[in-house]
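S.K.: Sequence below, structure please.
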Amino acid sequence: MKIVVIGGTGLIGSKVVARLTQEGHEAVAASPRTGVNALTGEGLEQALTGARVVVDVSNSPSFERAEVMEFFETSTRNLLAAEAAAGVGHHVALSVVGTERMPDNGYFAAKIAQERLIEKSGIPYSLVHATQFFEFARAIADEATVDGEVHIAPVRFQPIAADDVADAVAGVAMGAPLNGRIEVGGPDQYRMDEFFREALAAWGDPREVVADEGARYFGSVPGERTLVPGDGARLGQVSYRDWLARDPAR
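M.R.: You can find the predicted model right below:
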């Protein structure tokens, strides 16, 4: 069947397209690079013709509060309208574990707004809530750096490989709509400051990691379980150590 992947040339999207293609589906990578822009609506009608499933793994180019809200609300409205016109029967969206537990975070608030639009659209849907990707660990450490020290909240943390996220998203896309959500996380749970202490050591990064209960995660202070999935979550197969070992340059 034809499955259109919005954001299909990005980190997760390209992996989802590859997995769906391997399973024999007509997977279409849709992004501004391929002439499809959900934010402006450009190319949506043509791309969605004949599609049975749409997977949205697109992301905002800005994390500034107003801009990220504008991105997810506008692109999702455009996408849902085009899906309704094309008769798409399943909308799959990638979101973040803990969105509802940290609504003061601008990015999380925008993802909540996106999910509400999807839930009210009348189109059968599935939401995949994932924890933080291994691939973003350096960016998290850099964002948390103050005067050369990495200030990290001592809360639970369960990051996941992008490959495992893509497997989960592709699996959901090939199945029946959940009309609800699943959560996915990595195979190992850490205390967040301990994870980054080990990670920086593995990178050969000399910065000191400071356990700081007031440390912010992209603008908000996370609670003990804000960033980890609940019971029954699907767990990935790749550990962080194994992920690093596959490519030492990481």
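
S.K.: Pull out the buried positions in stretch 175-184.
M.R.: 177, 181-184 (16 or more other CB atoms under 10 Å). C-beta coordinates here come from the backbone N, C-alpha and C atoms, glycine included.

S.K.: ok, now stretch 182-196?
M.R.: 182-186, 190-193, 195-196.

S.K.: quick check: mean pLDDT across that stretch?
M.R.: In this model, stretch 182-196 carries a mean pLDDT of 98.

S.K.: Stretch 77-85 too?
M.R.: Rounded mean pLDDT across stretch 77-85 is 98.

S.K.: rewinding a little: now, among the buried residues of stretch 175-184, which is nearest to residue 79?
M.R.: residue 177 (15.7 Å; CB to CB).

S.K.: For the closest one, which three-state class applies?
M.R.: Following DSSP: H, G, I helix; E, B strand; the rest coil, the label given to residue 177 is coil.

S.K.: now, which of the buried residues of stretch 182-196 lie within strands?
M.R.: Cross-referencing the buried residues of stretch 182-196 against strands under DSSP state E gives 182-185, 190-191.

S.K.: Distance to residue 208 added to those, as a markdown table?
M.R.: Converted to a markdown table, these look like this (distance: CB to CB, whole Å):
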| residue | distance to residue 208 |
| --- | --- |
| 182 | 37 |
| 183 | 32 |
| 184 | 32 |
| 185 | 27 |
| 190 | 18 |
| 191 | 16 |
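
S.K.: Next, give me the two most distant ones among those residues.
M.R.: So, those by CB to CB: farthest apart are 182 and 191, at 25.0 Å.

S.K.: Show me the shaky parts of the protein.
M.R.: Along the chain, the parts satisfying pLDDT under 70 run over 248-250.

S.K.: for residue 25, what are its contacts?
M.R.: 1-3, 174 (CB atoms under 8 Å, 6 or more residues apart in numbering).

S.K.: Next: residue 58.
M.R.: Here residue 58 is in contact with 6-7, 10, 13, 31, 38, 75 (criterion: CB under 8 Å, 6+ apart).

S.K.: What would the longest helix along the chain look like as CSV? C-alpha coordinates only.
M.R.: The helix spanning the most residues in the chain, taking DSSP state H as the definition, is helix 65-86. Provided in CSV are the C-alpha atoms of helix 65-86 (Å, rounded to 0.1, in the frame of the first residue of the first chain):
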residue,chain,number,x,y,z
ARG,A,65,7.8,28.9,21.6
ALA,A,66,5.6,30.9,19.2
GLU,A,67,7.3,29.5,16.1
VAL,A,68,7.2,25.9,17.1
MET,A,69,3.5,26.2,18.0
GLU,A,70,2.8,27.8,14.6
PHE,A,71,4.7,25.1,12.8
PHE,A,72,2.9,22.1,14.4
GLU,A,73,-0.6,23.7,14.3
THR,A,74,-0.4,25.0,10.7
SER,A,75,1.3,21.9,9.2
THR,A,76,-1.0,19.5,11.0
ARG,A,77,-4.1,21.4,9.9
ASN,A,78,-2.9,21.4,6.3
LEU,A,79,-2.0,17.8,6.5
LEU,A,80,-5.3,16.6,8.0
ALA,A,81,-7.3,18.6,5.5
ALA,A,82,-5.4,17.1,2.6
GLU,A,83,-5.8,13.6,4.1
ALA,A,84,-9.6,14.1,4.4
ALA,A,85,-9.8,15.1,0.8
ALA,A,86,-7.7,12.2,-0.4
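
S.K.: What distance do you get for residue 151 to residue 158?
M.R.: As defined by CB to CB, to the nearest Å, residue 151 lies at a distance of 20 Å from residue 158.

S.K.: Neighbour count for those two, which is higher?
M.R.: residue 158 (24 against 19; other CB atoms under 10 Å).
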